[in-house]
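Colleague: coordinates only, sequence not included:
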Ligand SMILES: [Zn+2]
């Protein structure tokens with residue numbers, strides 16, 4: 001299909017799962033998952049019931065907390 005990449009800027013990861021209307025790579029998907037879990041079970045369940053547009057808001061909020069250099073896959077060999 002397309003050569004869509006992770007919604008995190010600067011991330012070269014291949015798309016793994018959707019986050020709202022956009023997509024993220026595997027590493028960032030799990031980072032997003034962890035972030036939501038850390039915000040409590042309420043947020044976790046709320047997200048599951050959200051529309052794509054509402055998820056975008058959450059994803060945007062999470063995105064601000066992400067630093068690409070924190071990713072193991074972004075570390076140079
Ligand atoms: Zn990524």
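Modeller: Done, it's in. Because the structure is a prediction, the values reported are computed rather than measured.
Colleague: low-scoring stretches of this protein, by residue?
Modeller: 1-3, 68-77 (pLDDT under 70).
Colleague: Wondering if stretch 24-31 reaches the ion at all.
Modeller: Yes - counting by C-beta under 5 Å from the ion, the ion is contacted by stretch 24-31 at 25, 28. Quick note: C-beta positions are derived from backbone N, CA and C, even for glycine.
Colleague: can you give me the offset of that stretch from its chain's centre?
Modeller: 5 Å (C-alpha atoms, centre = their mean, to the nearest Å).
Colleague: Stretch 58-65 too?
Modeller: 8 Å.
Colleague: can that stretch be found next to the ion?
Modeller: No - using C-beta under 5 Å from the ion, stretch 58-65 stays clear of the ion, coming no nearer than 10.2 Å.
Colleague: can you list contacts of that stretch?
Modeller: Contact with stretch 58-65 is made by 7-8, 19-20, 22, 31-32, 35-36, 47, 50, as judged by C-beta atoms under 8 Å, 6 or more residues apart in numbering.
Colleague: Just the buried ones out of these, please.
Modeller: Buried by 16 or more other C-beta atoms under 10 Å: 7-8, 19-20, 22, 31-32, 35-36, 47, out of those.
Colleague: Helices - which of these land there?
Modeller: 31-32, 35-36, 47 (DSSP state H).
Colleague: tell me which of the contacts of stretch 58-65 is nearest to the ion?
Modeller: Nearest to the ion among those: residue 8, at 4.5 Å, using C-beta to the ion.
Colleague: Next one: that closest one from residue 22, what distance?
Modeller: 10 Å (C-beta to C-beta, to the nearest Å).
Colleague: All good on my end, thank you.
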